[in-house]
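> coordinates only, sequence not included:
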């Protein structure tokens, strides 16, 4: 097997990168794929918490890079979902502890043993971001349907295009269809109008995400959760399946516009 | 006896004038003038105005050779004396400066309908937040300018797309610079030293041109006559 290395980034903080990484990872693993998630947010680690694996951390990413631990020792195997692994970040160091070269070497080491390597990027455009995208084959950009998040996503797309990792695919996270209908929230169409990249997922706002996060249970395991289903669909699309976007509201306006957008090439 | 001759520039040549009061060999007079300013004369065309003075073909020939040695090209001799004119004709030198003008008139070029343009750069992509384009001339963007992107031009700015970022035309102080866009909605628009914010969008999107009028920036719907 040769892994696809996917980095999930956003620019803006708090838009749902870690949630997306954990959930897409869990969904891919539950579909039978061998997946390792890497937390690249050194100093502010969260992926371990969201995946419910924080109590089992012995070694971390910086220990691997600095030679104190082997890959096998640092990787934590999820006990609930087979074939799902986590390499946690260090909490007592910062992003300067790792270099883009280190991340590329790590990616190469993992390529032969996994189907997917998901890298949870930190917010920002500095060293942490550059570390996270260095080994990426595919970049997923997470944005919320609000202006400052879209502005930052645009900046990020520009940066990854400049690094020849572009253009990336978009996940619109935390959308509230009732607010969109009232005209109080940006529509996915409006976002694609500015960002002009392919859409890979639209995830609705869902209280279940908070609950699941607190419990350390990825919500994509919950078939009743709309957010969970949306993350699961992203995993299916990554696998090459042509999954139509769920109508998040009764009217045909939203879906009609979306289906127009999903022409080949996905250009708005 | 070291007086220099008067030097006058006529079109692309130099005319040395021998005053009537000058005596002594012509060769000496000319060479004194030239040698005093050799860098000035080198590679140049020289005509000598002898006035009424007479000169033989032999003397003229020696003068021409001496001048050639100094990389000065003697091409004409002006004189009222017949003997001097004959000597010049013998050596194939012009006897007046007007022949040059006549040659130019014969070969006047046809009317040129080609138009020169002005220096501009073309950016054929959408500018994302954080992208910047700067140019001393005009800037043309084939694509959108997203919020957070910047275009700074010494000349005009033309955006064949949606202009939603920051734009500065006439950045060097040219108040006649303009900003044109298919959708003019910049976060901030600057022309020379003037700044304007976009008003609320009214009605449909249409191409517009922004320019300075009566000391402020105005935007009008695009028309070619404008």
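That came through, no problem. None of the values given here were measured: they were computed from a predicted structure.
> Pull the contacting residues for the residue of chain B found nearest chain A.
Residue nearest to chain A within chain B (C-beta to the nearest C-beta): residue B:128, separated by 3.4 Å. In short, each C-beta sits where N, CA and C put it, glycine included. Taking C-beta atoms under 8 Å, 6 or more residues apart in numbering or on different chains, we find residue B:128 in contact with A:154-155, A:157-158, A:161, B:146, B:148-149.
> And stretch B:37-57, how far out from the chain middle?
Its chain's C-alpha centre and that of stretch B:37-57 lie 30 Å apart, by C-alpha atoms, centre = their mean, to the nearest Å.
> Need the contact partners of that stretch.
Outside stretch B:37-57, the residues within contact range by C-beta under 8 Å, 6+ apart are B:10, B:12-20, B:26, B:30, B:34, B:63, B:67, B:70-81, B:83-84, B:86-87, B:90-91, B:94, B:97.
> Those in strands, which ones?
Among the contacts of stretch B:37-57, DSSP state E puts B:10, B:13-17, B:73-79 in strands.
> and the residues you listed as a markdown table, adding distance to chain A, neighbour count and pLDDT?
Listed next are the ones in strands among the contacts of stretch B:37-57 as a markdown table, based on distance: C-beta to the nearest C-beta, whole Å; neighbours: other C-beta atoms under 10 Å in any protein chain shown; pLDDT from 0 to 100:
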| residue | distance to chain A | neighbour count | pLDDT |
| --- | --- | --- | --- |
| B:10 | 61 | 12 | 82 |
| B:13 | 59 | 16 | 85 |
| B:14 | 60 | 20 | 88 |
| B:15 | 64 | 19 | 88 |
| B:16 | 66 | 21 | 88 |
| B:17 | 69 | 15 | 88 |
| B:73 | 60 | 14 | 88 |
| B:74 | 65 | 22 | 89 |
| B:75 | 62 | 17 | 87 |
| B:76 | 66 | 21 | 88 |
| B:77 | 71 | 23 | 89 |
| B:78 | 70 | 21 | 88 |
| B:79 | 75 | 22 | 88 |
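> could you dump the residues you listed to a markdown table with distance to residue A:110?
Below are these laid out as a markdown table (distance: C-beta to C-beta, whole Å):
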| residue | distance to residue A:110 |
| --- | --- |
| B:10 | 84 |
| B:13 | 82 |
| B:14 | 82 |
| B:15 | 87 |
| B:16 | 89 |
| B:17 | 92 |
| B:73 | 81 |
| B:74 | 87 |
| B:75 | 84 |
| B:76 | 88 |
| B:77 | 93 |
| B:78 | 93 |
| B:79 | 98 |
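> Run through the helices of the stretch 151-268 of chain A in chain order.
Listed in chain order, the helices found in the stretch 151-268 of chain A under DSSP state H, counting those that start in this stretch are A:177-182, A:188-195, A:207-215, A:226-238, A:252-261.
> pLDDT on the third one, on average?
To tie it back to what came earlier, the one meant is helix A:207-215. For helix A:207-215, mean pLDDT rounds to 92.
> Determine the set of other helices and strands touching that helix.
helix A:226-238 (3 or more C-beta pairs under 8 Å, 6 or more residues apart in numbering or on different chains; DSSP states H and E).
> what is the mean pLDDT for the helix it packs on?
The average pLDDT for helix A:226-238 rounds to 96.
> still on that earlier bit, among the helices of the stretch 151-268 of chain A, which is nearest residue B:220?
The minimum distance between residue B:220 and the helices of the stretch 151-268 of chain A falls on helix A:188-195, with 25.3 Å, by C-beta to C-beta.
> just to revisit the earlier point, tabulate the helices of the stretch 151-268 of chain A (a markdown table), appending mean neighbour count.
Below are these laid out as a markdown table (neighbours: other C-beta atoms under 10 Å in any protein chain shown):
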| stretch | mean neighbour count |
| --- | --- |
| helix A:177-182 | 14 |
| helix A:188-195 | 21 |
| helix A:207-215 | 15 |
| helix A:226-238 | 22 |
| helix A:252-261 | 15 |
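> Residue A:228 and chain B, how far apart?
32 Å (C-beta to the nearest C-beta, to the nearest Å).
> Can you name the residues of chain A that neighbour chain B?
Contact residues, chain A versus chain B (C-beta under 8 Å from any C-beta of the partner chain): A:151-152, A:154-155, A:157-159, A:161, A:194, A:196.
> how about the closest residue to chain B within the stretch 151-268 of chain A, what does it touch?
For the stretch 151-268 of chain A, the residue closest to chain B is residue A:158, as judged by C-beta to the nearest C-beta, at 3.4 Å. If a contact means C-beta under 8 Å, 6+ apart, then residue A:158 has B:128-131 as its contacts.
> Show me how far the helix or strand harbouring residue A:142 is from its chain's centre.
Assigning secondary structure by DSSP states H and E places residue A:142 in strand A:138-143. With C-alpha atoms, centre = their mean as the basis, strand A:138-143 stands 7 Å off its chain's centre.
> likewise stretch B:163-179?
The chain centroid and the centroid of stretch B:163-179 are separated by 27 Å, computed with C-alpha atoms, centre = their mean.
> what's the answer for stretch B:137-146, then?
For stretch B:137-146, the distance to the chain centre is 30 Å (C-alpha atoms, centre = their mean).
> ditto for stretch A:215-222
15 Å.
> what do you get for stretch B:114-134?
The chain centroid and the centroid of stretch B:114-134 are separated by 25 Å, computed with C-alpha atoms, centre = their mean.
> again, but for stretch B:68-77
Distance, stretch centre to chain centre, for stretch B:68-77: 29 Å (C-alpha atoms, centre = their mean).
> which outside residues touch stretch A:91-101?
With contacts defined as C-beta under 8 Å, 6+ apart, stretch A:91-101 is touched by A:40, A:42-45, A:60-62, A:65-66, A:90, A:122, A:126-128, A:130-131, A:134.
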